[in-house]
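J.: output the structure for:
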Amino acid sequence: MQTTSRGARGPILLLGFTLGLILLGHETTARAEWFVGQRAVIGFASWYGPGFAFRRTASGEVFVPREMTGAHRTLPLGSKVRVTNLRNGRSVLVKINDRGPFRGRREIDLSFGAARELGFVERGIERVLIEPLI
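T.: Numbers count the residues shown, from 1 in each chain. Below is the predicted model of the structure:
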């Protein structure tokens, strides 16, 4: 009886593991398709600046904090997005030239210059609308 119970558990665990991988893959695919369709998303933005000044970004460009640039996990490097601060309505056009953010549930990291234009340098993090542009 013990052998049958243990033997039945193996296929069930394998099935659960397989379904988990499929669902995980579906989640990743759905996120990638979101950008292909060029739809907007609301999320949190943070900013980075002086500590990274003049270092190379993922695109190979030198990071200049005053420029209108940003970091995103999946958007193509070189793509442009309009970022709008939902608290005050200000918006900027940003070029994605780096990867990130890697902390918290943030959607995008912006350069100091972009954060200053959007008016959230002091707050450090802000709820924004991100609109990928062609």
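J.: switch to C-alpha atoms for all contacts and neighbour counts from now on
T.: Fine.
J.: all strands of this structure, in order?
T.: With DSSP state E, the ranges of strands along the chain come out as 41-48, 69-71, 80-85, 91-98, 106-111, 125-133.
J.: show me what contacts residue 100?
T.: By CA atoms under 8 Å, 6 or more residues apart in numbering, the contact set of residue 100 is 71, 72, 73, 108, 109.
J.: let me see the contact set for residue 101.
T.: Counting by CA under 8 Å, 6+ apart, residue 101 has contacts 71, 72, 73, 107, 108, 109.
J.: redo those as TSV? Include neighbour count.
T.: Below are these laid out as TSV (neighbours: other CA atoms under 10 Å):
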residue	neighbour count
71	27
72	19
73	16
107	23
108	23
109	27
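J.: related to what we said a few turns ago, what is the nearest of the contacts of residue 100 to residue 57?
T.: Among these, residue 71 lies closest to residue 57 (CA to CA), at 8.9 Å.
J.: and the closest one, bridged to which residues?
T.: Under DSSP bridges, the beta-bridge partners of residue 71 are residue 98, residue 109.
J.: is it correct that residue 107 is in contact with residue 44?
T.: Yes - when contacts are counted by CA atoms under 8 Å, residue 107 is listed as touching residue 44 (5.5 Å).
J.: what's the burial count for residue 105?
T.: 10 (other CA atoms under 10 Å).
J.: measure the residue nearest to residue 96 when sequence neighbours are not counted to residue 103 for me?
T.: If the residues on either side of it in the chain are set aside, residue 96 comes closest to residue 70, at 4.8 Å by CA to CA, 6 or more residues apart in numbering. Using CA to CA, to the nearest Å, we find residue 70 at a distance of 15 Å from residue 103.
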